[in-house]
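Q: Got a predicted model here, sequence first, then my questions.
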Amino acid sequence: QVQLVESGGGLVQVGGSLRLSCTDSGSIVSGNAIAWYRQPPEKQREFVARIARDGSALFADSVRNRFTASRDNAKKVVFLQMSSLRSEDTAVYYCNVPSPRNWNQVRASWGQGTQVTVIS
């Protein structure tokens, strides 16, 4: 079964940067718009960003102007570049295929996610 795999998380200080990657073993990433989500501690999972197949991206208000997204369809990878990180960005980050009509609904199984911890 094809599964999405997130990586690149870690421990970073406030104001720092991290780049997350989303890949898979099939053609999910290269063939679809991909969205990033995150689940902060003791909170529900929330939408972070969506990148279309053409590379155009939209972001949640909470991360706009701090996060960027890019993709390499040939390499089947999507990136989330996170800068100016804040403590409230601490969460497990996931990627998935968003439903076209409701980005809070997804079409693939959830991966393991990657933990991002921002410390002061």
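A: Right, received. Where do you want to start?
Q: hey, let's count contacts and neighbours off CA atoms from now on
A: Will do.
Q: The residue sitting nearest the centre point of the chain is in what secondary structure piece?
A: The structure's the chain has its C-alpha centroid closest to residue 36; by CA atoms, centre = their mean the separation is 2.9 Å. According to DSSP states H and E, residue 36 maps onto strand 34-39.
Q: what pairs with that strand, and is each one parallel or antiparallel?
A: strand 46-51 (antiparallel), strand 91-96 (antiparallel) (DSSP bridges).
Q: Pull out the buried residues from the next helix or strand after the first one.
A: This points to strand 46-51. As assigned by DSSP H and E, the chain's next helix or strand after strand 46-51 is strand 57-59. For strand 57-59, a neighbour-count test (16 or more other CA atoms under 10 Å) marks 57, 59 as buried.
Q: Okay, helices next: where are they in the chain?
A: 28-31 (DSSP state H).
Q: any weak-confidence spans in it?
A: 1-2 (pLDDT under 70).
Q: ranges for the strands of it?
A: 4-7, 10-13, 18-24, 34-39, 46-51, 57-59, 67-72, 77-82, 91-96, 98-99, 102-106, 114-119 (DSSP state E).
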